[in-house]
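# Quick check, what structure comes out for this input:
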Amino acid sequence: SAAIAQTPTPPTAELLFSEGTQAYQSQNFFTAIDSLATAANQFIHQGRDLEAALSLTNLGNVQLELGQAEAALASWEQSTALFTEIEDTAGIRLAYLYQTRALKDLGLFPRACATFGQTLLDSPRLSCEALGDTLSAENGRALEGAIAAVADDPKLQAVALKTLGDTLRAVGELNASQAVLSKALNIQTYSESSQLSIALSLANTFRAKGNLESARRSPTRYGYLPWRYIPAPKNALIAAGEWYAKAATYYTQVVEQAPTELASLKTQSQLNLLRLYIEGCEHTGSQCQLGLDEQSVELSPPDWQTIDLSRLPRGQASVYGRINLAKSMAYLKQLSPVDSSLPTWNAVYQQLAIAAQQVQSSESALEPIQNKNVTNQRFRGSRTRAYALGNLGGFYEYCAAADAASLCDYAVPRSNLLAKANQFTQAALLA
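A predicted model of the protein is given here:
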């Protein structure tokens, strides 16, 4: 008898949620975002608010990894609404704290600070300055209260405190950022991944403190040109040395302690350690000393060739890391124009071109998924694309400068360099 064709059974929402979560954990982000978006839609249509909220929470995490902060915020706002509808207090707190990650990436710092104040301190409408003052108070009671507010969920607590420290750093509340991250680093219940991630963030805060001290003692820069390396004066580096030494200590700790499964943290620390060496050293010899007392650190030139960008997660982290390395390579070229061991200018340009291509490929892959996004919104181009295109434009502008033309060594076509620079800069502004 003739065989009867069997219509394949579509995957259940539970299966899609499981597959999407596993794909996210293995950094297969495009599979994850498709599965989780479909699962969330199915759960919503079935009236299963808790499962839909959990799917949207994980979906937001994936979207943020891909540089889609606006989409991530919309997913977390919808999960907040669903948790609120079923009166899930823990879920509401989780969704609000995840929202702060997207708000930070979008530069919506007042909203992020207000959300932290409401969720961790039960003090709504706090400004970033007030939040910073509260958390860096000498008695430490507010900070202890913020930590206690999420004590029942160590994983969420670690994410929340790291994001809080990163947000405070971004708005210039460096003492509060240091207080939060230092306290978080001493919490022993965190996973190795959380501890190393917090150590990396604390190093970034120490580096920001050093940068601030250096900038205060450096002359005003006129005629700023992107990608041009301008060394800080010796007195500025001395003033910044204490903080740069602490940053180097924590960067080195992450590089040395990160196991294979956390190689992305090692790569990020290597990238930042290389930039710290470039910007924090006087470059009068083969080694550099950061700091002047017993806390000083001897920093040897990091080997840029050992930095493995393939270890970074696909998406925003990979694009930002590649641009970070390209700029450090360009600065090294300006420090030592005749050093044959350094990459060519064309290699620098190629890193930028690859970063821009990565963004385009990611957005092309996301387009069909956007058509069925759960929040029924269309999103503008990503900040990641703007960052990639803006840096490409800045590189063209640098190479067009008279004193840089010979250095760039024809890495890019010599005709119409400024026109190209303007083209990419305009594209970045419109992204």
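
# Stretch 185-203: which residues count as buried?
Within stretch 185-203, the residues that qualify as buried by neighbour count (16 or more other Cβ atoms under 10 Å) are 185, 187, 190, 193-203. Every C-beta, even on glycine, is put in place using the N, C-alpha and C of the backbone.

# Among those residues, list the two that are farthest apart in space.
Using Cβ to Cβ, the buried residues of stretch 185-203 reach their maximum pairwise distance at I187 and A203, which is 17.4 Å.

# Contact partners for D152?
A90 (Cβ atoms under 8 Å, 6 or more residues apart in numbering).

# Helix, strand, or coil at it?
Here D152 is recorded as coil under DSSP: H, G, I helix; E, B strand; the rest coil.

# how near is it to L94?
For D152, the distance to L94 (Cβ to Cβ, to the nearest Å) stands at 11 Å.

# Now render the buried residues of stretch 185-203 as a markdown table, adding pLDDT, distance to Q257 and secondary structure.
Converted to a markdown table, these look like this (pLDDT from 0 to 100; distance: Cβ to Cβ, whole Å; DSSP: H, G, I helix; E, B strand; the rest coil):
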| residue | pLDDT | distance to Q257 | secondary structure |
| --- | --- | --- | --- |
| L185 | 95 | 13 | helix |
| I187 | 93 | 17 | coil |
| Y190 | 93 | 14 | coil |
| S193 | 94 | 11 | helix |
| S194 | 95 | 13 | helix |
| Q195 | 96 | 9 | helix |
| L196 | 97 | 6 | helix |
| S197 | 97 | 12 | helix |
| I198 | 97 | 13 | helix |
| A199 | 98 | 8 | helix |
| L200 | 98 | 11 | helix |
| S201 | 98 | 15 | helix |
| L202 | 98 | 14 | helix |
| A203 | 98 | 13 | helix |
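
# Okay, now the unreliable bits of the stretch 251-400 of the chain?
Counting by pLDDT under 70, the low-confidence segments of the stretch 251-400 of the chain come to 294, 367-381.

# change it to 90
Applying pLDDT under 90 to the stretch 251-400 of the chain flags residues 282-304, 313-316, 333-347, 349, 358-386, 396-400.

# Walking through the stretch 201-350 of the chain, point out its strands one by one.
Secondary structure of the stretch 201-350 of the chain by DSSP state E, counting those that start in this stretch: the strands cover 288-290, 297-299.

# Can you convert these into CSV and add a column each for distance to C128 and mean neighbour count?
Below are these laid out as CSV (distance: least, Cβ to Cβ, whole Å; neighbours: other Cβ atoms under 10 Å):
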stretch, distance to C128, mean neighbour count
strand 288-290, 29, 20
strand 297-299, 31, 16
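
# okay if I get the ones you listed as a markdown table plus distance to W243?
Below are the strands of the stretch 201-350 of the chain laid out as a markdown table (distance: least, Cβ to Cβ, whole Å):
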| stretch | distance to W243 |
| --- | --- |
| strand 288-290 | 9 |
| strand 297-299 | 11 |
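
# Nearest to P337, out of those?
strand 288-290 (19.6 Å).

# What pairs with the closest one, parallel or antiparallel?
According to DSSP bridges, strand 288-290 has the following sheet partners: strand 297-299 (antiparallel).

# Neighbours of the closest residue to P11 other than its chain neighbours, how many?
In space, and not counting its chain neighbours, P11 is closest to E19: 7.5 Å by Cβ to Cβ, 6 or more residues apart in numbering. E19 has 19 neighbours, counted by other Cβ atoms under 10 Å.

# Over to Q157?
Around Q157 there are 23 residues (other Cβ under 10 Å).

# Surely it and A148 touch.
No: Q157 lies out of contact with A148 (Cβ atoms under 8 Å); the separation is 9.4 Å.

# where does the stretch 1-150 of the chain dip in pLDDT?
In the predicted model, the stretch 1-150 of the chain carries pLDDT under 90 at residues 1-11, 26-27, 30, 65-68, 124-125, 137-140.

# make it 70
1-8.

# Could you export the buried residues of stretch 185-203 as JSON lines, including distance to K162?
Listed next are those as JSON lines, based on distance: Cβ to Cβ, whole Å:
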{"residue": "L185", "distance to K162": "10"}
{"residue": "I187", "distance to K162": "11"}
{"residue": "Y190", "distance to K162": "10"}
{"residue": "S193", "distance to K162": "11"}
{"residue": "S194", "distance to K162": "8"}
{"residue": "Q195", "distance to K162": "10"}
{"residue": "L196", "distance to K162": "11"}
{"residue": "S197", "distance to K162": "6"}
{"residue": "I198", "distance to K162": "5"}
{"residue": "A199", "distance to K162": "10"}
{"residue": "L200", "distance to K162": "9"}
{"residue": "S201", "distance to K162": "5"}
{"residue": "L202", "distance to K162": "9"}
{"residue": "A203", "distance to K162": "12"}
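
# nearest to F83, of those?
Set against F83, the nearest of these by Cβ to Cβ is S194 (23.3 Å).

# which residues does the closest one contact?
Applying Cβ under 8 Å, 6+ apart, we find S194 in contact with 154-155, 158-159, 162.

# So what pairs up with Q289 in the strands?
Counting by DSSP bridges, Q289 forms beta bridges with E298.

# buried ones in the host helix or strand of L366?
Using DSSP states H and E, L366 maps to helix 345-370. Neighbour-count burial for helix 345-370, counted by 16+ other Cβ under 10 Å, picks out 345, 348-349, 351-356, 358-359, 362-363, 366, 369.

# repeat for stretch 260-279
For stretch 260-279, by 16+ other Cβ under 10 Å, it's 262, 264-279.
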